[in-house]
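[1] test case, fold it:
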Amino acid sequence: MLATKTCMAISDGEFQALRKIMQTASGIELADEKRYLVINRLSKRLRLHGFENFGAYLALVRQDPVERQMLVDLLTTNETWFFREPKHFDWLRRFCREHRGMVRVWSAASSTGEEAYSIGMTLAESLAGQRWEVVGTDISHSVVERANRGLFPAKVIDSIPREYLRKYWLKGIDEYAGSILAKSDIRDHIHFRVGNLNQRLPSSMGLFDVAFLRNVLIYFSGEGKLRLIRHVLERVKPDGLLMVGHSESLFGLDLPLEQLAPSIYRKTH
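    Numbering: from 1, shown residues only. Predicted coordinates for the structure are as follows:
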C-alpha cells in the first residue's frame, strides 16, 4: 500500500489567529466554512518548514513578513477565466463607442490576468486608432508575476473568440509548447502591479474611466466592504463605470453611485 499524507489539524484558537492575520494583512474575512480550505492550502507549507502543527507556523508568520505574504498568496482564491460575465464586456464596448480620447480601465483584482487581457482585447477591437491602457492589481505577488508574463495554458483557447486568438495571441513552441502568449499589440498596453484594496491606492496610479471589481466583495462585509469600495472609487473618474460580480450587491451602502443595470454602476461625482 502507498502511504497517504494526512492533513494537519488546526485548533479553534489557531484558526481564529490566522483569520485575524489574514484580515489585518488583506482585509479578507475568512468565514467559518473556510477552515478546511485553510488546512488544505497551508499543510504543504507546514511540511516544507518541518512544522508538526499550526502553532509553530503561526509563530513564523507573526515574525516573518515574507511568510506572511506567502500566507496571503495561498489563501487568496484566484479562480478566473477569459471573458467571464460577458455582459460586462458588452457594456465596455458601449462605453467605448460613446467615449472620446484615451480610455483607462482598472482590473482591480486581476489574479493571473485573464480579466485584464479580456479587457485589453475588447479595447483593441473597440478603439481603433485611440489610445488605451489596462492596469491590473492584485494582493498576491505570485499571480502578478504570472499575469505580467502574458503566458497561458493552451486549454484556455475555448474561452477566447477565434478571431481574437488569431489577432492577439501566439502559439507557443519548444519550451512554450502547450501555451499561448499575448502579442505585443495588447501586452504593451497592459500592466500589472501589487495592490491591496484594503488600503488607499497611490495617486500615481492615476484615474480610470472604468473599474472592474468583480467577485471580491463576497470576502468582505459591513465597514470592510464600504471602505474597500471607497478606496476603489477614489481612482475612478466622475461618470466612470464600476462593475462588480453578478452575485454581489451594493444595496444600502452610502456611495456616489447610480445603478445602470444589475452589477453595473456609474460614479455620480
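[2] where does this structure dip in pLDDT?
    1-7, 77-78 (pLDDT under 70).
[3] ranges for the strands of this protein?
    Remark: strands assigned in the chain by DSSP state E are 103-107, 132-138, 151-153, 169-171, 179-182, 190-194, 208-213, 236-244, 257-261, 264-267.
[4] can you tell which of these is closest to Met22?
    Evaluated with CB to CB, the strands of the chain place strand 132-138 nearest to Met22, the distance being 15.4 Å. In this view, the C-beta of every residue, glycine as well, is placed from N, C-alpha and C.
[5] the closest one - contacts with which helices or strands?
    Strand 132-138 makes packing contacts with strand 103-107, helix 114-126, helix 141-149, strand 190-194 when contacts are defined by 3 or more CB pairs under 8 Å, 6 or more residues apart in numbering; DSSP states H and E.
[6] follow-up on the earlier one: which of the strands of the chain sits most buried?
    strand 103-107 (a mean of 26; mean count of other CB atoms under 10 Å).
[7] angle of that one against helix 114-126?
    Strand 103-107 and helix 114-126 meet at an angle of 160 degrees, taking axes from the mean of the first three to the mean of the last three CA atoms, to 10 degrees as the criterion.
[8] between strand 103-107 and strand 190-194, how many degrees?
    Using the same axes, to 10 degrees: strand 103-107 against strand 190-194 is 40 degrees.
[9] okay, now the sheet partners of strand 103-107, with direction.
    Its sheet considered, strand 103-107 pairs with strand 132-138 (parallel), strand 208-213 (parallel) by DSSP bridges.
[10] CA atoms only: put that strand into PDB for me.
    This file holds the C-alpha atoms of strand 103-107, laid out as PDB (Å, rounded to 0.1, in the frame of the first residue of the first chain):
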ATOM      1  CA  VAL A 103      -9.600  55.000 -22.200                       C
ATOM      2  CA  ARG A 104      -8.000  53.600 -19.000                       C
ATOM      3  CA  VAL A 105      -9.500  50.500 -17.400                       C
ATOM      4  CA  TRP A 106      -8.600  49.000 -14.000                       C
ATOM      5  CA  SER A 107      -8.800  45.300 -13.300                       C
END
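[11] so what touches it?
    The contact list for strand 103-107 (CB atoms under 8 Å, 6 or more residues apart in numbering) reads 92, 95-96, 115-116, 119, 123, 127, 130-137, 205-212, 232, 235-236.
[12] kindly report the same for stretch 59-68.
    Taking CB under 8 Å, 6+ apart as the rule, stretch 59-68 contacts Leu18, Ile21, Ala25, His49, Phe51, Leu71.
[13] wait, doesn't the last one sit right on Ile21?
    Yes - taking CB atoms under 8 Å as the contact criterion, Leu71 and Ile21 are neighbours in contact, 6.9 Å apart.
[14] tell me which of those two has more neighbours.
    Leu71 (24 against 18; other CB atoms under 10 Å).
[15] so how far is Ser140 from the more buried one?
    Between Leu71 and Ser140 the distance is 11 Å, computed by CB to CB, to the nearest Å.
[16] what sits closest to the most centrally placed residue in the chain if chain neighbours are left out?
    Centre of the chain computed as the mean C-alpha position; nearest residue by CA atoms, centre = their mean is Ala109, 2.4 Å away. In this structure, Ala109 finds its nearest non-sequential neighbour in Val216, 4.6 Å apart by CB to CB, 6 or more residues apart in numbering.
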